[in-house]
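Peer 1: sharing a sequence plus its predicted fold:
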Amino acid sequence: MSNGERREAERGLIGQCPICEVPLKPKCGRIRVPYWSHPPGHFEHRWEPETEWHRNWKNAFPKEWQEVGHRAENGERHLADVKTAHGQVLEFQHSNISDDERSSREAIYGQMCWVVDGMRSKNDRKKFVTALHLGRLVPGSFRTYIVPTGSSELLRKWENSQKLVMFDFGELEEFSDPFRFGAPVLWGALPGWKNGEAVLRPIYRTGFLDSMTKNEPLVGIEGALEPLRVEAQPRLAPRGHRRLDSNVHSRRYRIR
């Protein structure tokens, strides 16, 4: 905040942190993205320097929805990257995050979802593609996949999240059929899936932005992205490594 207004860091301004209320100085060099700097010793909340990826996602939404403060019952404070006019919180995560910090944000924000940068590590995208090829279609679905998390460190890091997680891998040029969709997509991991597997659905990036902005149902390429109730039947012996045909799978599911 600067003179009662939300401002990006610019030379000559004096700001105040909306979380810890200390004075901030603008840092506007030639290399790093301009940012507000806390005085030494006054970091009363976690701070992550923004990447271009992070800023581009935030700037896809109105300025008044960005950097909205939240206070937990225990007094802990957070700044939501985006909170829409409808109360939906979006957190754009580029850096590593601990399980405790992730759980803390999920508890504070309530109605939220994560958007995770899948391009942070050079191997994350490649291993995610490998996991998809090792996965299988949910019987009766068009674009819902059950994939093993063991071959993807990124999936393992997020498999215990209790919120929807959207993975952003950019254009994914190296994808081949059946994973080409004609336009950029995000991959949504449904919450609460464990036992070494994740349930994934592709969502067009433009559809995701429309849904969050207009408070409309989030629609996957095959239809509404609603939580699945999946009942596992006795496990059968797996056959082969490439299991994309819905008739070849190691577990039977009934989806309601």
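Peer 2: Received the coordinates, thanks. Numbering: from 1, shown residues only.

Peer 1: mind listing what the helix or strand containing Leu24 pairs with, with the direction of each?
Peer 2: Here Leu24 sits within strand 23-27, counting by DSSP states H and E. For strand 23-27, the paired strands and their directions (DSSP bridges) read strand 15-16 (antiparallel), strand 35-37 (antiparallel).

Peer 1: quick one: the last one to chain centroid distance?
Peer 2: Mean C-alpha position of strand 35-37 versus that of the full chain (Cα atoms, centre = their mean, to the nearest Å) differs by 24 Å.

Peer 1: which positions in it come out as buried?
Peer 2: Judged by neighbour count using 16 or more other Cβ atoms under 10 Å, the buried positions of strand 35-37 are 35-36. (Each C-beta comes from the backbone N, C-alpha and C, glycine too.)

Peer 1: below-threshold pLDDT in the stretch 151-256 of the chain: ranges please.
Peer 2: Scanning the stretch 151-256 of the chain for pLDDT under 70 picks out the ranges 171-178, 222-256.

Peer 1: all strands for it, in order.
Peer 2: Assignment of strands within the stretch 151-256 of the chain using DSSP state E, counting those that start in this stretch yields the ranges 164-168, 185-189, 197-204, 219-220, 223-224, 230-232, 253-255.

Peer 1: TSV for those strands, including mean neighbour count and distance to Glu153?
Peer 2: Shown next, in TSV, are the strands of the stretch 151-256 of the chain (neighbours: other Cβ atoms under 10 Å; distance: least, Cβ to Cβ, whole Å):
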stretch	mean neighbour count	distance to Glu153
strand 164-168	22	12
strand 185-189	23	14
strand 197-204	22	13
strand 219-220	20	25
strand 223-224	10	30
strand 230-232	12	24
strand 253-255	14	26
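
Peer 1: quick one: contacts for Glu5?
Peer 2: For Glu5, no contacting residues are found, by Cβ atoms under 8 Å, 6 or more residues apart in numbering.

Peer 1: do you know how far it is from Trp65?
Peer 2: Distance of Glu5 to Trp65, computed by Cβ to Cβ, to the nearest Å: 15 Å.

Peer 1: ok, back up a step: hey, C-alpha coordinates of the strand holding Leu24 in PDB?
Peer 2: Taking C-alpha atoms only, strand 23-27 is exported to PDB below (Å, rounded to 0.1, in the frame of the first residue of the first chain):
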ATOM      1  CA  PRO A  23       7.500   0.600   5.800                       C
ATOM      2  CA  LEU A  24       8.700  -0.800   2.500                       C
ATOM      3  CA  LYS A  25      11.200   0.500   0.000                       C
ATOM      4  CA  PRO A  26      10.900  -0.100  -3.800                       C
ATOM      5  CA  LYS A  27      13.700  -2.000  -5.400                       C
END
